[in-house]
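[1] Could you look at this predicted model? Sequence included:
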Amino acid sequence: RGTAIRSAEVLVTSPDRNFVTLRITTEDGVVGLGDATLNGRELSVASYLSDHVVPLLLGRDAHRIEDTWQFLYRSAYWRRGPVTMAAIAAVDVALWDIKARIAGLPLYQLLGGASRTGIMAYGHASGRDLPELFDSIRHHQEQGFRSIRVQTSVPGIDAVYGVAAQPSSSGRYDYEPAQRAPLPAEEDWDTRAYLRHIPTVFEAVRNEFGPEVPLLHDGHHRMTPIQAARLGKDLEPYDLFWLEDCTPAENQEALRLVRQHTTTPLAIGEVFNTVWDYQTLVREQLIDYVRSAVTHTGGISALRKILDFAAQYQIKSGIHGPTDISPVGMAAALHLDLAIHNFGIQEYMQHGAKTNAVFQQSFTFEDGYLHPGSEVGLGVTYDDDAAARYPYAQAYLPFNRLKDGTVHDW
Ligand SMILES: O=NC(=O)[C@@H](O)[C@H](O)[C@H](O)CO
Ligand SMILES: [Co+2]
């Protein structure tokens, strides 16, 4: 039949950083794209798709998205995990792209239509010190961002998550966390120094930029529950939009302790890959925002179900949008952001020029709001010639060691 899957190609390219893209084509020649990028483990997902999933897709009806999802999830036998769920996500998103293209509609129209006029974005301001940070915040405000994530260096710590090593001439302060090298870079960490420093940063930012601008901060998994509780409480006077990944949440119950001590809103989940990672966090209202990206959580079908579950507990979306979510993954996020009722905010790190040469996108960013646009499907096309110019390059996210050499969450 016309909608039978004729081919499924796994495309690896590395313009500004590594990306893995799945391109599904039907007998009728309708093309759908899915993002399968897993930062630092990209080739595992490329192999999972090429070696084990693509052979199962050929001949299947592209319209049967839910059946294909359930088939891939249950026939794998081995459940969950970032590689499996990124692979399933890529198939899911590509099939949604195809369905919307066949329908002649932008994808959000198939997800319930627009529930808002625009999607509030937040940008990543950072600085090694307050002057650099203030310059970075002003730069992002000049670009139109109305919500700002604030990350800075910490006295006594040499290299820390989320801070550009130096203001880059190109995007100025936009940084790529993964580094092209055969080994992960070792960075250092000292939680007590961090806990002493961060409240002074937000005191200075609020004094300089006022009480209104929504400010976000990413704890990036590095604190224990009691340390997270301390920071959440210390930041209450600065009225954060959210404190993110305040503590590793494999133990979801750990957030009970944090919740007891602070009203600072909490966002968790960018490293999660199924609804089961959220079950206690949502049911006990231990978080306020679901951080998962479409790409890492089994696709639009799966993240939609997680967000509908969260909506029953007044928990909102905060979809992960760093540069290692490709333009295909970002487009999927924007279509979902526009349609769901319990939208919270969308992370938006701008991709570089080389990436934008490989992926043609139709989304817009104006006056602080994103919009997926009105092109059919996801609104993204892939340029094979541009992609061929950028072969895969091994790259890793950094990791931390404490002063005594103990490995620590980064
Ligand atoms: O909130 N954003 C983040 O935490 C990101 O910067 C992640 O460290 C990287 O995307 C991991 O690939
Ligand atoms: Co984060």
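    The structure has been received and is ready for your questions. Ligands and ions are numbered 1, 2, ... in the order given.
[2] The closest residue to residue 140 other than its chain neighbours in helix, strand or coil?
    Among residues not flanking residue 140 along the chain, residue 123 sits closest, at 4.1 Å (C-beta to C-beta, 6 or more residues apart in numbering). Heads up, the C-betas are built off the backbone N, CA and C, glycines and all. Under the three-state scheme (DSSP: H, G, I helix; E, B strand; the rest coil), residue 123 adopts strand.
[3] what residues are up against the closest residue to ligand 2 within the stretch 301-410 of the chain?
    Evaluated by C-beta to the ion, the stretch 301-410 of the chain has residue 320 as its residue closest to ligand 2, separated by 6.8 Å. Counting by C-beta atoms under 8 Å, 6 or more residues apart in numbering, residue 320 touches 269-270, 291-293, 296, 347.
[4] For the stretch 201-350 of the chain, just list every one of the helices.
    Per DSSP state H, counting those that start in this stretch, the stretch 201-350 of the chain carries helices over the ranges 225-234, 254-261, 279-283, 300-311, 327-339.
[5] Look up the pLDDT of the residue in the chain positioned nearest to ligand 2 for me, please.
    Closest contact between the chain and ligand 2, by C-beta to the ion, is at residue 218 (4.3 Å). Residue 218 is assigned a predicted lDDT (pLDDT) of 98.
[6] Look up which residues are beta-bridged to the closest residue to it other than its chain neighbours.
    In this structure, residue 218 finds its nearest non-sequential neighbour in residue 244, 4.2 Å apart by C-beta to C-beta, 6+ apart. Counting by DSSP bridges, residue 244 is bridged to residue 218, residue 267.
[7] circling back to that earlier point, return only those of the contacts of residue 320 found close to ligand 2.
    When the contacts of residue 320 are checked against ligand 2 using C-beta under 5 Å from the ion, the ones in range are residue 270.
[8] Out of the contacts of residue 320, list just those in strands.
    Among the contacts of residue 320, the residues falling in strands (DSSP state E) are residue 347.
[9] Which pair in the contacts of residue 320 has the greatest spatial separation?
    Using C-beta to C-beta, the contacts of residue 320 span at most 12.9 Å, a distance reached by 296 and 347.
[10] now the angle between helix 300-311 and the longest helix along the chain, please.
    In the chain, assigned by DSSP state H, the helix with the most residues is helix 82-103. What separates the directions of helix 82-103 and helix 300-311 is an angle of 100 degrees, with axes from the mean of the first three to the mean of the last three C-alpha atoms, to 10 degrees.
[11] May I have helix 82-103 exported as PDB, CA atoms only?
    The C-alpha atoms that make up helix 82-103 are tabulated as PDB, following Å, rounded to 0.1, in the frame of the first residue of the first chain:
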ATOM      1  CA  PRO A  82      18.100   5.800  27.000                       C
ATOM      2  CA  VAL A  83      19.300   3.900  23.900                       C
ATOM      3  CA  THR A  84      16.100   1.900  23.400                       C
ATOM      4  CA  MET A  85      13.800   4.900  24.100                       C
ATOM      5  CA  ALA A  86      15.800   7.200  21.800                       C
ATOM      6  CA  ALA A  87      15.500   4.700  19.000                       C
ATOM      7  CA  ILE A  88      11.700   4.300  19.600                       C
ATOM      8  CA  ALA A  89      11.400   8.100  19.800                       C
ATOM      9  CA  ALA A  90      13.000   8.500  16.400                       C
ATOM     10  CA  VAL A  91      10.600   6.000  14.800                       C
ATOM     11  CA  ASP A  92       7.600   7.600  16.600                       C
ATOM     12  CA  VAL A  93       8.400  11.200  15.500                       C
ATOM     13  CA  ALA A  94       9.200  10.200  11.900                       C
ATOM     14  CA  LEU A  95       5.800   8.400  11.700                       C
ATOM     15  CA  TRP A  96       4.000  11.500  13.100                       C
ATOM     16  CA  ASP A  97       5.900  13.700  10.600                       C
ATOM     17  CA  ILE A  98       4.600  11.400   7.800                       C
ATOM     18  CA  LYS A  99       1.000  11.300   9.100                       C
ATOM     19  CA  ALA A 100       0.900  15.100   9.200                       C
ATOM     20  CA  ARG A 101       2.400  15.400   5.800                       C
ATOM     21  CA  ILE A 102      -0.200  13.000   4.300                       C
ATOM     22  CA  ALA A 103      -2.900  15.000   6.100                       C
END
